[in-house]
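*Asks:* can you look at this prediction? I've put the sequence above it.
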Amino acid sequence: KAGVTQTPRYLIKTRGQQVTLSCSPISGHRSVSWYQQTPGQGLQFLFEYFSETQRNKGNFPGRFSGRQFSNSRSEMNVSTLELGDSALYLCASRMGAGLEQYFGAGTRLSVL
Amino acid sequence: GQQVMQIPQYQHVQEGEDFTTYCNSSTTLSNIQWYKQRPGGHPVFLIQLVKSGEVKKQKRLTFQFGEAKKNSSLHITATQTTDVGTYFCAGPDGGTSYGKLTFGQGTILTVHP
């Protein structure tokens, strides 16, 4: 069974640009959550999607957005990039409520 | 909002020594999950505890969930170099139906051979 796949693995962008990250969950998993990981702030929740609906959102500015498609694949977008957006962005999928999350390898974003 | 504190932040041990990390939540948790992240890797699920006072073992790892369901611990007996990594506890925020996990800051474990 394939795991959670995130693309691309690495990205380098400059301030002001926008970026789109992709996540393909484990087959059969309908919930996808996104997290930002930085050395200073640790793992912080961005948002969760279930059946194409955003169910919860973390404390991030509106520049961070996401969506989920009918095949459960998800994308997150960050507009007007700032230096502080440099981080490892992790996607996690799960089978159902209350169950553990399976993380992808992440996309490492560097903003110059 | 919910806060999850984890101590210690760093732990250096000699191979063969024991290791413990502690996790405390500001709110009662429906369950608590533990993850391990190897250097350069991503978090990997270890275990989930649901019941008050629950204790679970995985080989040399022992996980406990407090009676009040606000604290938890992970104990590793006789550490090995393969145990190196960051150990996170995480609690669901907003109910079990939601995929929002609040993570502790993690304990970075270094094992010296």
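*Replies:* Cool, the structure landed.

*Asks:* and the spatially closest residue to residue B:54 that is not a sequence neighbour, bridged to which residues?
*Replies:* Counting by C-beta to C-beta, 6 or more residues apart in numbering or on different chains, the nearest residue to residue B:54 once its immediate chain neighbours are dropped is residue B:65, at 4.5 Å. From N, CA and C alone the C-beta is placed, and that goes for glycine too. Residues in a beta bridge with residue B:65, per DSSP bridges, are residue B:72.

*Asks:* what residues does chain B have near chain A?
*Replies:* B:1, B:30-31, B:33, B:35, B:41-45, B:48, B:88, B:90, B:92-94, B:96-106 (C-beta under 8 Å from any C-beta of the partner chain).

*Asks:* how many other residues sit next to the residue nearest to residue B:54?
*Replies:* A total of 23 residues lie near residue B:65 under the criterion other C-beta atoms under 10 Å in any protein chain shown.

*Asks:* OK, contacts around it?
*Replies:* Counting by C-beta atoms under 8 Å, 6 or more residues apart in numbering or on different chains, residue B:65 touches B:32, B:49, B:50, B:51, B:52, B:53, B:54, B:55, B:71, B:72.

*Asks:* report the separation between the residue nearest to residue B:80 when sequence neighbours are not counted and chain A.
*Replies:* Once flanking residues are discounted, residue B:80 sits nearest to residue B:15: 6.3 Å by C-beta to C-beta, 6+ apart. Noted for residue B:15: a distance of 26 Å to chain A, by C-beta to the nearest C-beta, to the nearest Å.

*Asks:* look at residue B:15 and say how many residues are nearby.
*Replies:* As a measure of burial, residue B:15 has 12 neighbours, counting by other C-beta under 10 Å.

*Asks:* I figured it hits residue B:79, correct?
*Replies:* Yes. Contact criterion C-beta atoms under 8 Å: residue B:15 and residue B:79 qualify, at 6.1 Å.

*Asks:* spit out the residues that contact the two alike.
*Replies:* Joint contacts of residue B:15 and residue B:79 (C-beta under 8 Å, 6+ apart) are residue B:111.

*Asks:* just to revisit the earlier point, so the residue nearest to residue B:54 versus residue B:32, what's the distance?
*Replies:* 6 Å (C-beta to C-beta, to the nearest Å).

*Asks:* could I get the contacts of residue B:65 as TSV with pLDDT?
*Replies:* TSV is the format used below for those (pLDDT from 0 to 100):
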residue	pLDDT
B:32	94
B:49	95
B:50	93
B:51	96
B:52	96
B:53	97
B:54	97
B:55	98
B:71	97
B:72	98
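
*Asks:* so which of the residues you listed sit within helices?
*Replies:* Counting by DSSP state H, the contacts of residue B:65 place none of their members in helices.
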